[in-house]
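S.K.: Sequence first, then the predicted structure, then my questions.
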Amino acid sequence: MVVPRVRVHFQSLLSDVFAARQSLAGLRRSGAHPSAMLEAREHLVEALEAYTAALDEHRIPVPYALRDELRMQRATCEASAPRQNR
């Protein structure tokens, strides 16, 4: 059986999302340093953005839960980012 290339691409991107979620959850459980948590959260945002971009590119609706998770993770990254003095 031949698996269409697009399907494999989606599976790979979704696998990246799952791995990033697991990494963030593991750091949360271990009480990791906030900078490590921010880095893991930024990686999750990148994975979610790549997956939703692929969905958009193929005109597939982004599930509400996924869209909301991306919005929440972006906001958390912005709130957690170190502030720079002007």
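M.R.: Received the coordinates, thanks. Residues are numbered from 1 along each chain as shown.
S.K.: could you point out where the chain is predicted with low confidence?
M.R.: Along the chain, segments meeting pLDDT under 70 span 1-6, 83-86.
S.K.: tell me the helices in it, going along the chain?
M.R.: Secondary structure of the chain, counting by DSSP state H: helices at 5-30, 34-57, 64-80.
S.K.: Next up, the contacts around the closest residue to R21 other than its chain neighbours.
M.R.: Distances taken as CB to CB, 6 or more residues apart in numbering place L44 nearest to R21, at 6.3 Å, with adjacent residues excluded. Glycine gets a C-beta too; all of them are placed from N, C-alpha and C. For L44, the contacting residues are V17, A20, R21, S23, L24, Q73, by CB atoms under 8 Å, 6 or more residues apart in numbering.
S.K.: If you tally nearby residues, what's the number for the second one?
M.R.: Residues within reach of A20, counting by other CB atoms under 10 Å, total 20.
S.K.: Isn't it up against E39?
M.R.: No. A20 lies out of contact with E39 (CB atoms under 8 Å); the separation is 10.8 Å.
S.K.: shouldn't A47 be in contact with Q22?
M.R.: No. Taking contacts as CB under 8 Å, A47 lies outside contact range of Q22: 11.1 Å.
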